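**Q** Just need the structure, nothing else, for what follows:
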Amino acid sequence: MIIPRRLSGFTLIEVAVVMLVIVIILGLVTVNLNPDQDTPVRDEAHRLALLLQTAQQEAILQGKIYAVTVERQRYYFQMLDENRQFRPIGDNGIFRERAMPPDIIVSSVNIEGQENIEKPRLILLPTGELPPFTITFKRGDSRWQVEGKSTGEITAQSLLKPEKA
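**A** A predicted model of the protein is given here:
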């Protein structure tokens, strides 16, 4: 009696599963290597919103007046000292001066009560109140805005891209 030899090789299903796994892995690598234009702007807006919330809480806990000065390419935190002068908080730590990442700028700063000021300063009071403000970050067509309300709420949100005619 002749015993049939088993053919060696892969079945069609095994080959299809391996191909599917390879396609998924390549898709993930491609997405991670090419982040969209919105991601760095979003990250910077969220970073500033979180830092402002932290400074606001520190002002409340310490009973001191904090401030942040926002320029086109950087922002830095200050604290009002006993001589009623704003002084930098420190070179290290969470409230250090921060430069904007490459190709991201602060395109506008609007703080209620401060019009056409070269270096606008947002004051964070120990009561938790703050003047309504908007700080807009821009990179190409991508825009994100950090907004503060007089109630003390601070949020970051995307601004819709203008539609092309």
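**Q** all helices for this protein, in order.
**A** 12-33, 38-62 (DSSP state H).
**Q** Would you mind giving those as JSON lines with mean neighbour count, mean pLDDT and distance to Asn92 added?
**A** In short, each C-beta sits where N, CA and C put it, glycine included. Converted to JSON lines, these look like this (neighbours: other C-beta atoms under 10 Å; pLDDT from 0 to 100; distance: least, C-beta to C-beta, whole Å):
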{"stretch": "helix 12-33", "mean neighbour count": "10", "mean pLDDT": "81", "distance to Asn92": "31"}
{"stretch": "helix 38-62", "mean neighbour count": "18", "mean pLDDT": "91", "distance to Asn92": "14"}
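**Q** Kindly reformat those as CSV and extend each row with distance to Ile135.
**A** Converted to CSV, the helices of the chain look like this (distance: least, C-beta to C-beta, whole Å):
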stretch, distance to Ile135
helix 12-33, 29
helix 38-62, 7
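**Q** Quick one: closest of these to Leu124.
**A** Evaluated with C-beta to C-beta, the helices of the chain place helix 38-62 nearest to Leu124, the distance being 4.6 Å.
**Q** Give me the contact list for that closest one.
**A** Contact with helix 38-62 is made by 64-66, 68, 75, 77, 94-95, 98, 100-101, 104, 122, 124-128, 130, 135, 137-139, 142-146, 148, 152, 154-158, as judged by C-beta atoms under 8 Å, 6 or more residues apart in numbering.
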